[in-house]
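Chemist: turn this into a model:
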Amino acid sequence: LNFSVERDLSSDDATMSIIRMTLCSDHDNDLKQLYDHMKNEYDREETNLLSLGDVVRNMGKFDLAEKYYRRWLSELPSNDLSLGGLYQHLGMVADAKGEYDTSLEWYQKSLEILVKTRPYDHVNIGNTHNSIGGVHQKKGDRGRALESYNRAVSLFKQAHDENHQKMAWFYNNIGIIYQEENKYFEALDFYEKSLAIKKKHLPADHPDLGGSYNNIGIVQDCLGHSDLALNHYNRSLKIRLKSLPAQHPDIASTYRNMGLVYEYKGKLNEVLILFQKYISWFKVMARSRLVLYICTASLE
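Modeler: Alright, predicted model coming up:
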């Protein structure tokens, strides 16, 4: 399943943007449910610069997304109630670009507006705390990250939304913190809570489920449960091969994780097969980057 932006026909002073997108492999019946889920997710959004920014941000086009968000920001009055949400999206872009301090500034602006204008909107305020926690985690401040994640969970519980899809994100993030602190039983508990909620909301081949199975596999491996680790890695790999592009790094990561378990078990034939697949991914990526470098250099 793959979307690609064919062309952005906007200019800095344009009043309208036209984006042409192509969906590949929508004929695959196994992926139809996943495609419909993604399509409905976008179709629910009002078509404006904000929703266009969301589409290209989810494709990894962060500079283009920021362009749309900032243009939308320039069109809104200073007292517009939607500013909190827009600041949240700008924070996401800065976060994705590794501009963590800038990201925190946008998230803090978003939080201040939400608390002031919608103090009982526990869901959106909780989302913002989760985003802030994610940035603190990337900066290496686990204490502040965990504090923000727990605040998000508490707010969703106040809203009686304990099975909300985003609770899966919060639990997963808390699990990562505990995993980084080598508290594997606590990490496993939160990863399993996250997976249970995702199963209620997502199609069976959604890549987020593949991520959960992979995380559980890592923790089971750390606990010395090799067979359980392999079981979860296999589930992760099956989903990722169906729902992600063939050269996606998450697929390569699963090959590597499985190879390490087989190495521990002394099954060298399986290790060789998996690491050959892992190495082939690096070769393809190296060729792609070389071609990109040559093309870029020729344009300079």
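
Chemist: what residues sit buried inside the helix or strand hosting residue 137?
Modeler: In the assignment (DSSP states H and E), residue 137 maps to helix 122-138. Neighbour counts over helix 122-138 (16 or more other CB atoms under 10 Å) mark 122-137 as buried. In short, each C-beta sits where N, CA and C put it, glycine included.

Chemist: let me know the closest of those residues to residue 266.
Modeler: Closest approach between those and residue 266, by CB to CB: residue 137, at 35.6 Å.

Chemist: surely that closest one touches residue 178?
Modeler: No. Using CB atoms under 8 Å, residue 137 makes no contact with residue 178, being 11.8 Å away.

Chemist: before we move on, the earlier item: which one of the buried residues of helix 122-138 is nearest residue 69?
Modeler: residue 131 (14.8 Å).

Chemist: how close does the closest one sit to residue 140?
Modeler: According to CB to CB, to the nearest Å, residue 131 and residue 140 sit 17 Å apart.

Chemist: kindly report the same for residue 224.
Modeler: For residue 224, the distance to residue 140 - CB to CB - is 28 Å.

Chemist: repeat for residue 123
Modeler: 28 Å.

Chemist: still on that earlier bit, from the buried residues of helix 122-138, which is closest to residue 163?
Modeler: residue 123 (12.6 Å).

Chemist: ok, that closest one touching residue 161?
Modeler: Yes. Judged on CB under 8 Å, residue 123 makes contact with residue 161 at a distance of 6.2 Å.

Chemist: about what we covered before: give the next helix or strand downstream of the helix holding residue 137.
Modeler: Past helix 122-138, the next helix or strand by DSSP H and E is helix 142-158.

Chemist: which residues touch that following helix?
Modeler: With contacts defined as CB atoms under 8 Å, 6 or more residues apart in numbering, helix 142-158 is touched by 122-123, 125-127, 129-130, 132-134, 136-137, 162, 164, 166-167, 170-171, 173-174, 177, 180-181.

Chemist: let's go with 7 Å and repeat that
Modeler: 122-123, 125-126, 129-130, 132-133, 136-137, 162, 164, 167, 170, 173-174, 177, 180-181 (CB atoms under 7 Å, 6 or more residues apart in numbering).

Chemist: likewise stretch 93-111?
Modeler: The contact list for stretch 93-111, computed with CB under 7 Å, 6+ apart, reads 57, 62, 65-66, 69, 84, 87-88, 90-91, 125, 128, 131-132, 134-135, 138-139.

Chemist: I'd like the mean pLDDT over it, please.
Modeler: The pLDDT scores in stretch 93-111 average 96.

Chemist: list the buried residues in that stretch.
Modeler: Result for stretch 93-111 [16+ other CB under 10 Å]: buried residues 93-95, 99-100, 102-104, 106-107, 109-111.

Chemist: what does stretch 200-214 give?
Modeler: So stretch 200-214, judged by 16+ other CB under 10 Å, has buried residues 202-203, 205-214.

Chemist: check which helix or strand the nearest residue to residue 110 once chain neighbours are set aside maps to.
Modeler: Excluding the flanking residues, the one nearest residue 110 by CB to CB, 6 or more residues apart in numbering is residue 87, at 3.8 Å. Using DSSP H and E, residue 87 sits in helix 83-96.
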